[in-house]
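S.K.: below are the sequence and a predicted model for it; my questions follow.
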Amino acid sequence: MNAKFLVNKLLESGLTQVQIADFVGCKQPTVSDLSHGKIKNPSSRIAFPLITLAMQRQIDITEIHQLVPVSQEKNHQKTIEPEAIR
């Protein structure tokens, strides 16, 4: 998931880092780190609320990545197509 792209799209939509953090359930510095690409692979606890917020703001989430990780089992990673999230 390209969290940097997604957070920056949310910021462009008029939200503040504090508002995003409140919705996601994290602290503002975490959102800042995401927006600067310091966190490459956020946990699902952060990723899914970001996706939900983007969908609520009518941001096209198909641009964030071709596949969104769902879970990992040993060396096999399950994925879900972005279209299935809608």
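M.R.: In hand now; what should we look at?

S.K.: what ranges do the strands span in this structure?
M.R.: Secondary structure of the chain (DSSP state E): strands at 68-73, 76-80.

S.K.: report the rounded mean pLDDT for the helix ranked longest in the chain.
M.R.: Secondary structure of the chain per DSSP state H: the longest helix is helix 44-56. Averaging pLDDT along helix 44-56 yields 94.

S.K.: using PDB, list the CA coordinates for that helix.
M.R.: Provided in PDB are the C-alpha atoms of helix 44-56 (Å, rounded to 0.1, in the frame of the first residue of the first chain):
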ATOM      1  CA  SER A  44      -3.800  -2.900   9.000                       C
ATOM      2  CA  ARG A  45      -4.900  -1.000  12.100                       C
ATOM      3  CA  ILE A  46      -3.700   2.100  10.300                       C
ATOM      4  CA  ALA A  47      -4.100   1.100   6.700                       C
ATOM      5  CA  PHE A  48      -7.800   0.100   6.700                       C
ATOM      6  CA  PRO A  49      -9.000   3.300   8.400                       C
ATOM      7  CA  LEU A  50      -7.000   5.300   5.900                       C
ATOM      8  CA  ILE A  51      -8.700   3.500   3.100                       C
ATOM      9  CA  THR A  52     -12.100   3.900   4.700                       C
ATOM     10  CA  LEU A  53     -11.500   7.700   5.100                       C
ATOM     11  CA  ALA A  54     -10.300   8.000   1.500                       C
ATOM     12  CA  MET A  55     -13.400   6.200   0.300                       C
ATOM     13  CA  GLN A  56     -15.600   8.600   2.500                       C
END
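
S.K.: fine by me, we can end here.
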